[in-house]
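>>> Prediction below, plus the sequence it came from.
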Amino acid sequence: MTHLKTLAAPRSMKVPRRGKVYVLTPSPGPHAKSECLPLGTLLREYLGLAENRKEIKHILNNKQVLVDGRRVKNENYPLGLFDIIAIPEIDKVYMILVDHHGRLISKETTKKASEHKMCKLVNKTMVKGGKLQLNFYDGKNLLVDAKDSKKYEVGGTVVLKLPELKIVEFLPADVGKLAIVAKGRHAGKTGKIVSKTKSDLNLKSLTTLDCGGESVLTNTAYIYVINEKP
């Protein structure tokens, strides 16, 4: 199904629940349905670049939109946190962020900023040939030398150069690092990591952030380390 009723749309989508009956539904992909929005919804409801699906398809079929540096033609393509959307035809670049209600929003950014993407490292596995596979939150993965295993800690953020997906920098989730809360009651808040607790069999790991003087305690899985305020 390519669309669903607006009342049933995931809360991650910042779309009116009244007025329009239907909204596009995200295709299965790198982001969970509850944490993404379709590319067509961004073009129509968010940016106002199209009035209907015919115009959305015209824009995409003419290869006018890049997601993370690659052409995308699927109107239902799922966009998630920190995805970079470039529209060269109008010389605009946008980054997907999250607001204080946990909804995904688009923020215009610079062309220079669009050359890199921050990807949270969620897992790493050893593969044949003495290689280590880094698995990121958005479905991307990269192979690096196994000897670098300790360098890339799960929970940290890898800064990738687009579209080559070349590692530029690694940001560990250490005390003093800047991070943004992606989910929960504190979604959208940004601050420096003050402390972290280790998880055990009964409790999840918790992280405390200093968000401009406000102490915020949240699930460690909800935070994304960043190199600067987006």
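All right, it came through fine.
>>> C-terminal to the longest helix anywhere in the chain, which secondary structure element comes first?
In the chain, assigned by DSSP state H, the helix with the most residues is helix 53-61. Using DSSP states H and E, the helix or strand that directly follows helix 53-61 along the chain is strand 66-67.
>>> Who are the packing partners of that next one?
strand 84-87 (3 or more CB pairs under 8 Å, 6 or more residues apart in numbering; DSSP states H and E). From N, CA and C alone the C-beta is placed, and that goes for glycine too.
>>> Now do the strand it packs on, average pLDDT.
Per-residue pLDDT values over strand 84-87 give a mean of 95.
>>> now that strand, how far from the centre of its chain.
13 Å (CA atoms, centre = their mean, to the nearest Å).
>>> which residues of the chain score low on pLDDT?
1-23, 201-202, 230 (pLDDT under 70).
>>> Which phi and psi values does the residue nearest to Asn52 when sequence neighbours are not counted adopt?
Nearest residue to Asn52 in three dimensions, chain neighbours excluded: Arg44, at 7.5 Å (CB to CB, 6 or more residues apart in numbering). Backbone torsions for Arg44, taken as degrees, to the nearest 10, come to phi -90, psi -60.
>>> Quick check, Arg44 in contact with Lys54.
No - using CB atoms under 8 Å, Arg44 makes no contact with Lys54, being 10.9 Å away.
>>> if you count what's nearby, which of these two comes out ahead?
Per other CB atoms under 10 Å, whichever of Arg44 and Lys54 has more neighbours is Arg44, with 23 against 8.
>>> Report the contact partners of that one.
Arg44 sits next to 50-52, 55-56 when contact means CB atoms under 8 Å, 6 or more residues apart in numbering.
>>> What about these, which one has the most neighbours?
Going by other CB under 10 Å, Ile56 tops the contacts of Arg44 with 22 neighbours.
>>> Relative to Lys107, how far out is it?
21 Å (CB to CB, to the nearest Å).
>>> quick one: the helices in this protein?
Going by DSSP H, the chain shows helices at 39-41, 53-61.
>>> Is the nearest residue to Asp148 once chain neighbours are set aside bridged to anything, and to what?
Nearest in space to Asp148, with sequence neighbours left out and distances taken as CB to CB, 6+ apart, is Leu132 at 6.5 Å. When assigned by DSSP bridges, Leu132 has beta-bridge partners Met126, Val144.
>>> so who does Leu132 touch?
124-126, 143-146, 148-149, 152.
>>> Equivalent analysis for Ala113, please.
84, 93, 95.
>>> quick one, what contacts the most centrally placed residue in the chain?
For the chain, Leu81 is the residue whose C-alpha lies nearest the centre (CA atoms, centre = their mean; 1.9 Å). In this structure, Leu81 makes contact with 31, 35, 96-98, 104, 137, 182, 224, judged by CB under 8 Å, 6+ apart.
>>> Looking at those, which one is closest to Gly188?
Val98 (5.2 Å; CB to CB).
>>> sorry, back to before: tell me the two of the contacts of Arg44 that are most distant?
Glu51 and Ile56 (9.0 Å).
>>> With just CA atoms, put stretch 34-53 into PDB.
These are the backbone C-alpha positions of stretch 34-53, laid out as PDB (Å, rounded to 0.1, in the frame of the first residue of the first chain):
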ATOM      1  CA  SER A  34       7.500   4.900  13.400                       C
ATOM      2  CA  GLU A  35      10.800   6.900  12.900                       C
ATOM      3  CA  CYS A  36      10.600   8.100   9.300                       C
ATOM      4  CA  LEU A  37       8.600  10.000   6.700                       C
ATOM      5  CA  PRO A  38       8.200   9.400   3.000                       C
ATOM      6  CA  LEU A  39      10.200  11.500   0.500                       C
ATOM      7  CA  GLY A  40       7.000  12.500  -1.300                       C
ATOM      8  CA  THR A  41       5.600  13.800   2.000                       C
ATOM      9  CA  LEU A  42       8.700  16.000   2.500                       C
ATOM     10  CA  LEU A  43       8.300  17.500  -1.000                       C
ATOM     11  CA  ARG A  44       4.600  18.100  -0.700                       C
ATOM     12  CA  GLU A  45       3.600  18.700   2.900                       C
ATOM     13  CA  TYR A  46       6.900  20.000   4.300                       C
ATOM     14  CA  LEU A  47       8.500  22.000   1.500                       C
ATOM     15  CA  GLY A  48       5.500  22.800  -0.700                       C
ATOM     16  CA  LEU A  49       7.400  21.900  -3.900                       C
ATOM     17  CA  ALA A  50       4.500  19.800  -5.200                       C
ATOM     18  CA  GLU A  51       0.700  19.900  -5.000                       C
ATOM     19  CA  ASN A  52      -0.100  16.300  -5.800                       C
ATOM     20  CA  ARG A  53       1.500  12.900  -6.500                       C
END
